[in-house]
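In: coords please:
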Amino acid sequence: MRLYGLEEHFLTAEVAEPMLKRALDIPALLDVGDGRIAAMDDAGIDTAVLSLTTPGLQNLPAAEAVALQVAVNDGLAAAVRRHPERLQGFATLATPAPAAAADELRRAVTELGFSGTLVNAHSGGRALDAGEFWDIYEAAEDLRAPVYLHPRAPVPSVTDAYYRRFGEPVDSMLATGTFGWHYDAGLTVLRMIIAGVFNRFPGLQLILGHWGEVVLFYLDRVAAVDALVTLRRPIADYFRTNIFITPGGIASHKYLRWSRETVGAERIMYASDYPFNRERAGSARAFLDTATIGTAERELIAYRNWEKLVAGIRRDGYVRGFR
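Out: Purely as a prediction, here's the structure:
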């Protein structure tokens, strides 16, 4: 059984300096060679889909982000070429310049062979439901390439209001990896649905990590919004047709059961969140092997859903508005 990991992060020297406060993770993030392959072997992951770690280029001025997106993607493409059976790539995009980001997504998919993109939940203080980012979604739909929506720290005003009081490192952890990241990303996908992103781009496929970024567990409550908006379908329906779910490093069989019940195994894939979560001694594969699911569902989650999604990507060199 092949196993793909879809939320597997890396970093380049060009964007590393502002992130030195996470120095313990820097060496693992920078390694897209033998050390990375060894870590995958240890985890039991056959193929990792690499993405630039949060916040990507989304804090940068537009011109700087546009220049860096090409360098980052070309560097990742070179790493994939060195290990074509073990590595795939999600494009890094300069979301501060959405039109340029859309063009780069087209290049990354049609010329570099990437399998979509990973973007973080807000850019320049703007949630990704805002109209200026729709060029990216149009390109992704044209390409039939998935968009992985990843968390990032909430905007400073939210962080200051909700996640400050206890001192470091507790404040930062509350704002990021234990809750704030996930609440923020879940709210972002709800905003995208309510804003009509999936009505405008019905073929767009989104991937959410961390078992749906909180919102998956609240869909029955979120249904109260259905009567207040002019969507084509109930909000929960979009999670069954346009959104895939991964564990994002949370190895919980309880959450897996809930996700299967809510969206079905056809909407679940695997991700380990390397290097912030480290799977060892085959634990990534063991998570699925020991789950109380049948072989068919286990294969869907491990590889069939991802391979089907990737097989549908258009790589013919022409999509709407770009040649």
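
In: Pull the contacting residues for the residue most central in space within the chain.
Out: What sits nearest the mean C-alpha location of the chain, by Cα atoms, centre = their mean, is residue 148, with 2.9 Å. Residue 148 is in contact with 6, 7, 51, 90, 116, 117, 118, 119, 206, 207, 209, counting by Cβ atoms under 8 Å, 6 or more residues apart in numbering. Just so you know, the C-beta spots here come from the backbone N, C-alpha and C atoms, and that holds for glycine as well.

In: Any regions of the stretch 201-323 of the chain where pLDDT drops low?
Out: 317-323 (pLDDT under 70).

In: show me where it has strands.
Out: Listed in chain order, the strands of the stretch 201-323 of the chain (DSSP state E, counting those that start in this stretch) span residues 206-208, 243-245.

In: If the residue nearest to the centre of the chain is in a bridge, with which residues?
Out: On the basis of DSSP bridges, residue 148 is bridged to residue 118, residue 207.

In: where's it relative to residue 285, distance?
Out: 21 Å (Cβ to Cβ, to the nearest Å).

In: Repeat that for residue 309.
Out: 21 Å.

In: likewise residue 82?
Out: For residue 82 relative to residue 285 (Cβ to Cβ), the value is 24 Å.

In: So these two - more neighbours on which side?
Out: Shown here are residue 82 and residue 285; by other Cβ atoms under 10 Å, residue 285 has more neighbours (18 against 13).

In: any idea what sits nearest the more buried one, other than its immediate chain neighbours?
Out: residue 44 (3.2 Å; Cβ to Cβ, 6 or more residues apart in numbering).

In: list the contacts for the one you found?
Out: Residue 44 sits in contact with 3, 279, 282, 283, 284, 285, 286, where contact means Cβ under 8 Å, 6+ apart.

In: could these go into JSON lines alongside distance to residue 76?
Out: Formatted as JSON lines, those follow (distance: Cβ to Cβ, whole Å):
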{"residue": "3", "distance to residue 76": "21"}
{"residue": "279", "distance to residue 76": "22"}
{"residue": "282", "distance to residue 76": "26"}
{"residue": "283", "distance to residue 76": "26"}
{"residue": "284", "distance to residue 76": "21"}
{"residue": "285", "distance to residue 76": "25"}
{"residue": "286", "distance to residue 76": "29"}
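
In: among the residues you listed, which two are most distant?
Out: Spatially, the most separated pair among these is 3 and 283, at 11.4 Å (Cβ to Cβ).

In: about what we covered before: which one of the contacts of residue 148 is nearest residue 240?
Out: Nearest to residue 240 out of the contacts of residue 148 is residue 206 (Cβ to Cβ; 12.3 Å).

In: for the helix or strand hosting residue 35, packing partners?
Out: Using DSSP states H and E, residue 35 falls within helix 34-43. Packing partners of helix 34-43 (3 or more Cβ pairs under 8 Å, 6 or more residues apart in numbering; DSSP states H and E): strand 4-10, helix 26-30, helix 283-289.

In: These: which one's closest to residue 174?
Out: With Cβ to Cβ as the yardstick, what comes closest out of the helices and strands packed on helix 34-43 is strand 4-10 (21.2 Å).

In: now stretch 280-299: how far from the chain's centre is it?
Out: 21 Å (Cα atoms, centre = their mean, to the nearest Å).

In: and what of stretch 277-285?
Out: On Cα atoms, centre = their mean, the centre of stretch 277-285 falls 20 Å from that of its chain.

In: Now do the buried residues in it.
Out: Of the residues in stretch 277-285, 277, 279, 283, 284, 285 count as buried by neighbour count, 16 or more other Cβ atoms under 10 Å.

In: There's contact between the first one and residue 249 in this structure, I believe.
Out: Right, residue 277. Yes. Residue 277 lies in contact with residue 249 (Cβ atoms under 8 Å); the separation is 3.3 Å.

In: coming back round to it: which residues are contacting the helix holding residue 35?
Out: By Cβ under 8 Å, 6+ apart, helix 34-43 touches 5, 10, 27-28, 46, 48, 83, 86-87, 272, 274-275, 278-285.

In: Touching, residue 45 and residue 4? I think so.
Out: Yes. In this structure residue 45 lies within contact range of residue 4 using Cβ under 8 Å: 7.3 Å.

In: Residue 25: what's it in contact with?
Out: 275, 276.

In: Can you check what pLDDT the model gives it?
Out: For residue 25, the pLDDT comes out at 70.

In: Over to the one 4 residues further on?
Out: Predicted confidence (pLDDT) at residue 29: the value is 91.

In: mind starting the numbering at 5 from now?
Out: Sure thing, new numbering starts at 5, so read that last one as residue 33.

In: measure it to residue 13 for me?
Out: Shown here: residue 33 relative to residue 13, a distance of 6 Å by Cβ to Cβ.

In: Having no further points to raise, I will conclude here.
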